[in-house]
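Asker: Next input, structure requested:
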Amino acid sequence: MNLRQTVLRGIQVLSSLVLAISLVGCPGGSSTSGSTMTPPPHPAIGLRLETIVNQGLSFPVFATAPRNDPGNRLFIVEKGGVIKILLLDTKQLLPTPFLTVTGISAAGEQGLLGLAFHPNFVTNGVFYIYVNNTSGDSEIRRYTVSANPNVANPTSTPIITISQLMPDGFTRFSNHKAGWIDFGPDGFLYVALGDGGGGGDTFNNAQNVDSLLGKMLRLNVDMDAFADPDRNYAIPAGNPFALTAGADEIWALGLRNPWRASFDRGTWDLYIADVGQGAREEVNVAIAATGGGNGANYGWKIMEGTNCFSPPCNVPGLTLTPPVLEYDHSGGACSITGGYVYRGSAIPALQGTYFYADYCLGFVRSFKLVSGMTATEQTNWPTLDPNENITSFGEDKAGELYIVTQQGGLYRIVPN
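Answerer: Numbers count the residues shown, from 1 in each chain. As a prediction, this is how the structure comes out:
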């Protein structure tokens, strides 16, 4: 039994002791669909994984870089609270971390989960992280780079704290924290939040517009002068609930555990991979040209993918946005890991192709989006399976793609 099979067996037999970020859907729900067929390999293009790092990383969960970075660096986020810098030219990890974050909890699916560089990072040195604090609540913190461009200042400014306390007033779960953050084409910070955890969204957080859980948020973090020190942000004009009942920060709702979203740097379409309950994994896409997902309801927990989860599913006056792609748990699939639309130059034939993976099976698949909501050219890439648990994809400043594994591997997708 290989390492991934061992982890999968642990998930199936004793889910409460799953390695912290299993991200797996809990049993439950209903499915009337049959198995989703595995897409075929691409008939003309060969890809392989180039090993960049296979030691020196501890539970990496993300890799990214500032788009205009003068250096050729990749910033690697470790769940336990450390951000390391990899020099891509030499494939060397710098011995001194870029940042070591304190005051966090890394239990379960918590930890340091997100990193976003300000659009003007090259000149202002500002970046943001998503962490879970020692109470289990989610925080967005702002940091700056020190005089050494490879080391950040250790002090931070709190931007927002999002309570993970359930409506019963005493329950906090350690799963479904999501944690992706990034800046959109409008210069605002987008924040992906899970439904708060447990199973089946017991408290209906994802459909509750007064709760920030199970949502995509949009914040203006460039405005610093606020009387409330815990609200170092403003509400962008156009947020769908800013002038109505509901939380001002919400951009979209109906998410369960969006484990990795990304903006297509070519179109600014927003891809959101959402982990399912026990039956379906899905990819949602918000098209920039038609509103970028403003006010979209992606369905959870009314729907799991296109399956009815918590009847009634046909609510008068409620419009749900279906996924552009979904797959079931055939063969042991359990948890989607979202990736990126390829916009690099090393593999021109794959321009516009979105890559995603499954944490348990380790497969890597792709599709192209046409006419807004149709996933075409669905492809399976067996040569991109690292035989490890894929926690994230990464994207360098040039748009080349990487695969990050829980076991500490970092691999670049290259032509075969």
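Asker: Sketch out the low-pLDDT regions of this protein for me.
Answerer: Across the chain, the stretches falling below the confidence threshold (pLDDT under 70) are 1-36, 224-230.
Asker: how about the helices in the stretch 151-300 of the chain?
Answerer: When assigned using DSSP state H, counting those that start in this stretch, the stretch 151-300 of the chain turns out to have no helices.
Asker: secondary structure class for residue 56?
Answerer: Local secondary structure at residue 56 is given as coil here, using DSSP: H, G, I helix; E, B strand; the rest coil.
Asker: so how far is residue 175 from it?
Answerer: Between residue 56 and residue 175 the distance, using Cβ to Cβ, to the nearest Å, works out to 28 Å. C-beta here means a position set from N, CA and C on the backbone, and glycine is covered the same way.
Asker: mind listing what the helix or strand hosting residue 337 pairs with, with the direction of each?
Answerer: According to DSSP states H and E, residue 337 maps onto strand 336-341. Strand pairing for strand 336-341, determined by DSSP bridges: strand 353-358 (antiparallel).
Asker: And the partner strand, how far out from the chain middle?
Answerer: Remark: strand 353-358 is offset 12 Å from the chain centroid, using Cα atoms, centre = their mean, to the nearest Å.
Asker: ok, back up a step: can you tell me what sits against the strand holding residue 337?
Answerer: Residues outside strand 336-341 that contact it (Cβ atoms under 8 Å, 6 or more residues apart in numbering) are 23, 258-262, 264-267, 269, 271-276, 281-283, 327, 352-359, 390-393, 395, 401.
Asker: Quick one, which of the residues you listed are buried?
Answerer: In the contacts of strand 336-341, burial by neighbour count holds for 23, 258-262, 264-265, 269, 271-276, 281-283, 327, 353-359, 390-393, 395, 401, counting by 16 or more other Cβ atoms under 10 Å.
Asker: What residues sit buried inside the strand holding residue 337?
Answerer: Along strand 336-341, these residues count as buried under the neighbour rule (16+ other Cβ under 10 Å): 336-341.
Asker: just to revisit the earlier point, could you tell me which of the buried ones among the contacts of strand 336-341 are located in strands?
Answerer: Helix and strand membership here follows DSSP state E; of these, those in strands are 261-262, 271-274, 281-283, 327, 353-358, 390-393, 395, 401.
Asker: Nearest residue to the middle of the chain?
Answerer: A centroid search over the chain (Cα atoms, centre = their mean) returns residue 260, at 1.5 Å, as the residue closest to the centre.
Asker: who's in contact with that one?
Answerer: Shown here is residue 260, whose contacts under the criterion Cβ under 8 Å, 6+ apart are 62, 180, 273, 337-339, 392-393.
Asker: Any figure for the gap between it and residue 322?
Answerer: When Cβ to Cβ is the yardstick, residue 260 and residue 322 sit 20 Å from each other.
Asker: Can I get stretch 151-162 as PDB, trimmed to CA atoms?
Answerer: The C-alpha trace of stretch 151-162 is given here as PDB (Å, rounded to 0.1, in the frame of the first residue of the first chain):
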ATOM      1  CA  VAL A 151      12.400  38.800   4.800                       C
ATOM      2  CA  ALA A 152       9.100  40.300   6.000                       C
ATOM      3  CA  ASN A 153       8.600  42.600   9.000                       C
ATOM      4  CA  PRO A 154       7.200  40.400  11.900                       C
ATOM      5  CA  THR A 155       4.500  42.900  13.000                       C
ATOM      6  CA  SER A 156       1.100  42.900  11.300                       C
ATOM      7  CA  THR A 157      -2.100  45.000  11.100                       C
ATOM      8  CA  PRO A 158      -5.400  43.100  11.600                       C
ATOM      9  CA  ILE A 159      -7.800  43.700   8.800                       C
ATOM     10  CA  ILE A 160     -10.800  41.600   9.700                       C
ATOM     11  CA  THR A 161     -11.500  38.700  12.100                       C
ATOM     12  CA  ILE A 162     -14.300  36.400  11.000                       C
END
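Asker: Residues contacting that stretch, please?
Answerer: Contacts to stretch 151-162, defined as Cβ under 8 Å, 6+ apart, come from residues 83, 96-100, 127-129, 133, 137-146, 193, 212-213, 219, 221, 229-233, 249.
Asker: Return the distance of residue 378 relative to residue 303.
Answerer: When distance is defined by Cβ to Cβ, residue 378 is 21 Å away from residue 303.
Asker: And these two? Which one has more around it.
Answerer: Set side by side, residue 378 and residue 303 show unequal neighbour counts under other Cβ atoms under 10 Å, the larger going to residue 303 at 22 against 16.
Asker: I figured the more buried one hits residue 313, correct?
Answerer: Yes. With contacts defined as Cβ atoms under 8 Å, residue 303 counts as touching residue 313 at a distance of 6.3 Å.
Asker: Can you show me the strands along the stretch 1-150 of the chain?
Answerer: In the stretch 1-150 of the chain, the segments counted as strands under DSSP state E, counting those that start in this stretch are 47-53, 60-64, 73-78, 82-87, 92-93, 99-100, 112-117, 126-132, 138-144.
Asker: Out of the ones you listed, which gets nearest to residue 412?
Answerer: For residue 412, the closest of the strands of the stretch 1-150 of the chain is strand 47-53, at 4.5 Å, according to Cβ to Cβ.
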